[in-house]
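# Got a sequence here, can you build the structure:
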Amino acid sequence: MDEPEVVSEEDLIHVELCPSCGVQQIHGILTEREVGGGVDYRIQCEGCSHVHLIQVRPPKGIKIKFTLSDGPNSSVHEIEVDDDETIHLNDVFDHEEKLWRVTQLHLIQEQATPSAEPHEVVSAWAVRCDLVRIKITMTEGESSKASAMECEPGEIFACGSIMEFEGKRWRIRAIHTGLGRTLTGKRESSQIRRIFLHPPPEPRKRRFRRE
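Model (predicted):
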């Protein structure tokens, strides 16, 4: 498994689409303010100095009836998931300080399916597991690719840091937890539902002044 690189807070950068430049640019976060369960980020483009706002809001929750199997013991729980999150077989989630892997998803009339939107699921099954499986979205330009990685429950990932994944270097642009997507901070792997990866920015060229 590829290990994320450890970086200092000064090394963390944020690349966003600048509405003034019309392209992805490095931005500085000027302020952040909690609003309605989410966060408003006021950011400034380093290319043209344009200041604009990014709003991050948590998705709505939907309760799904899960049968959780821990060895020989099974029990039924109503577990809340994000309404915009597609559920797949083998997804791993945290519940009552334990980790669980989705093994079955049933739609109406007990129809089994490999994936479903939360509002489609009538019942689901999961078993306790030891490793965290994090969904990954890799974006390059206009194209995105989905993947996943397994890691230890206590592993730390930081927004803005550089990591190796599937043989390439990536910057962690955002981390999606049960409370929504964040552009800043660090999270343990057991708290993470998805990591959004973008290519790291090109190194800045130094200008040398002739004497």
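# Could you point out the longest strand of this protein?
If you go by DSSP state E, the chain has its longest strand at strand 24-35.
# Let me know the average pLDDT across that one.
Mean per-residue pLDDT for strand 24-35: 88.
# what does the next helix or strand after that strand contact?
Per DSSP states H and E, the first helix or strand lying C-terminal to strand 24-35 is strand 38-45. For strand 38-45, contacts defined as CB atoms under 8 Å, 6 or more residues apart in numbering pick out 14, 16, 18, 20-21, 25-33, 50-58, 180, 182-184. C-beta: built from backbone N, CA, C; applies to glycine.
# Among the residues you listed, name the buried ones.
14, 16, 18, 25-27, 29, 32, 54, 56, 180, 182-184 (16 or more other CB atoms under 10 Å).
# Any chance of CSV for those, columns distance to A174?
Output for those, formatted as CSV (distance: CB to CB, whole Å):
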residue, distance to A174
H14, 9
E16, 10
C18, 17
Q25, 16
I26, 15
H27, 13
I29, 13
E32, 14
I54, 10
V56, 8
G180, 10
T182, 6
L183, 5
T184, 9
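# for those residues, which one is nearest G154?
Nearest to G154 among those, counting by CB to CB, is T182 at 18.9 Å.
# Surely that closest one and A174 touch.
Yes: using CB atoms under 8 Å, T182 makes contact with A174 at a distance of 6.4 Å.
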